[in-house]
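S.K.: What follows is a protein structure lacking sequence information:
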């Protein structure tokens, strides 16, 4: 990996399933020559159940360990975990800042019907996700507020980027 010339940088891609996180993260990965961490991809590669929260937590902890090592080397890292809660985003931001890294946040969202349609079209989940689950996610998810967004650095590549519908 080459350095971006801007110093180390953590990019957090935040949003619900089907919101376009992976599409955006892959685009940023290519344009910025970054290292992208996605627990879904690791779990799929290891033939693990995507809904096994304990294993997901272990994989995210391992990815964060590697991410910190890469940030310490001056590289750009993308975390594509969804980061549904403010405390999770705060921990990542503060951890990266402690390493001297810039930190940016990209929040992607879409209406519940759009999320459900995208999830159904991609057909990756087994068993399939039901519409009620998407509605419950909206109740749980803590969208970044303007005050929270102000704590992050200006993105190197400004959104919105063209995401698939």
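M.R.: Cool, got the structure. Keep in mind that this is a model prediction, so the values were computed, not measured. Numbers count the residues shown, from 1 in each chain.
S.K.: When you work out contacts or count neighbours from here on, use the C-alpha atoms and nothing else.
M.R.: OK.
S.K.: Nearest residue to the middle of this structure?
M.R.: Compute the mean C-alpha point of the chain, and by C-alpha atoms, centre = their mean the closest residue is residue 80, 2.2 Å away.
S.K.: How many residues are close by the nearest residue to residue 73 once chain neighbours are set aside?
M.R.: Closest residue in space to residue 73, ignoring its immediate chain neighbours: residue 8 at 7.3 Å, by C-alpha to C-alpha, 6 or more residues apart in numbering. Residue 8: 23 surrounding residues under other C-alpha atoms under 10 Å.
S.K.: Quick check: residue 8 vs residue 153, distance?
M.R.: When C-alpha to C-alpha, to the nearest Å is applied, the distance between residue 8 and residue 153 equals 12 Å.
S.K.: quick one on the thing from earlier: wait, is the residue nearest to the centre of the chain part of a helix?
M.R.: No - if the criterion is DSSP: H, G, I helix; E, B strand; the rest coil, then residue 80 is strand and not within a helix.
S.K.: ok, and the helix or strand in the chain with the lowest average confidence?
M.R.: Ranking every helix and strand in the chain by mean pLDDT, DSSP states H and E puts helix 112-122 at the bottom, with a mean of 83.
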